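# structure here, sequence nowhere to be found:
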């Protein structure tokens, strides 16, 4: 695997959540620096040595609600 993609969203209670696409990895962080560190840690724990992807891609999703 050359890369893994995470969907990053704003958490309801503040901070961010990240969920890997095609893998069972979920993590969160209070800010983007903490989230990035937690994603790296989660990827390190999830994959065996030599199977870890070379690149982690973050896809940011945001939602805005306006009055009709």
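Received it, and whenever you're ready, just let me know what you need. In this text the structure is predicted, and so the values were computed from the model without any measurement. Numbering: from 1, shown residues only.

# check contacts around the spatially most central residue of the chain.
The centroid of the chain falls nearest to residue 18 when counting by Cα atoms, centre = their mean (3.0 Å). By Cβ atoms under 8 Å, 6 or more residues apart in numbering, the contact list for residue 18 reads 6, 7, 8, 9, 26, 27, 28, 29, 35, 38, 39, 58. Every C-beta, even on glycine, is put in place using the N, C-alpha and C of the backbone.

# most neighbours out of the residues you listed, which is it?
When these are compared by neighbour count (other Cβ atoms under 10 Å), residue 6 ends up highest, at 24 neighbours.

# was I right about that one contacting residue 22?
No - between residue 6 and residue 22 there is no contact under Cβ atoms under 8 Å: 10.6 Å.

# break down this protein into its strands, ranges please.
3-10, 16-20, 26-29, 55-61 (DSSP state E).

# just the angle for the last one relative to strand 16-20, thanks.
What that stands for is strand 55-61. If you take axes from the mean of the first three to the mean of the last three Cα atoms, to 10 degrees, strand 55-61 sits at 130 degrees to strand 16-20.

# buried set for strand 55-61?
Going by neighbour count (16 or more other Cβ atoms under 10 Å), the buried part of strand 55-61 is residue 56.

# just checking: what are the partner strands of that strand?
strand 3-10 (parallel) (DSSP bridges).

# show the average pLDDT along the strand it pairs with.
Average pLDDT, strand 3-10: 97.

# contacts for it, please.
So strand 3-10 is contacted by 16-23, 25, 35, 39, 43, 53-62 (Cβ under 8 Å, 6+ apart).

# same thing but at 10 Å, please
Strand 3-10 has contacts (Cβ atoms under 10 Å, 6 or more residues apart in numbering) with 16-23, 25-29, 32, 35-36, 39, 42-43, 46-47, 52-63.

# where does the prediction get shaky in this structure?
In the prediction, the chain carries no residues with pLDDT under 70.
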